[in-house]
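**Q** Structure, please.
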Amino acid sequence: MTTSVEMVGHRVLLKPADDVAHEEIKDGALAGFKLDVGDDWKRQKAATVIGEVISIGPMAWKAFDGDRPEWKPWCKIGDIVYFAKYGGKFITINEEDYIIINDEDVQGVIHYHEDDTNE
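**A** Residues are numbered from 1 along each chain as shown. I've put the predicted structure just below:
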């Protein structure tokens, strides 16, 4: 038997990425940019995690100008996002680890771009 979880309210379900993906993004191999890797990198890495958006509750980000005509969600299912490590609740579904976070714990969306400098 399999189990599924539907997010409610302002919650977001994420599948945390492993450390290998995090290192590739840090080095710019996937994202095409470099993050500051100075003395603060360990502290920043300790407080931020990368994950894939699996499910979004119907009220996510509505408290942030949700009544304005130009409003749109901060991210969508399938996006890779940075999120606050110390927020949320870790759960296991069908032997897979996930984390449920509040909408405001999404810190940024990673956009991948093809490298067009070799054309």
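**Q** Which parts of this structure are helices?
**A** Under the criterion DSSP state H, the chain contains helices at 19-26, 41-47.
**Q** so where is the chain shaky, pLDDT-wise?
**A** The chain contains residues with pLDDT under 70 at 18-48, 115-119.
**Q** how about the strands in it?
**A** 11-16, 48-56, 80-84, 89-93, 96-102, 106-110 (DSSP state E).
**Q** okay, these in TSV with mean neighbour count and distance to Ala63 next?
**A** (Each C-beta comes from the backbone N, C-alpha and C, glycine too.) Formatted as TSV, those follow (neighbours: other C-beta atoms under 10 Å; distance: least, C-beta to C-beta, whole Å):
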stretch	mean neighbour count	distance to Ala63
strand 11-16	22	13
strand 48-56	20	14
strand 80-84	20	17
strand 89-93	11	20
strand 96-102	17	10
strand 106-110	16	13
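**Q** Look up which residues are beta-bridged to Ile100.
**A** Ile100 has the following beta-bridge partners by DSSP bridges: Leu13, Lys89.
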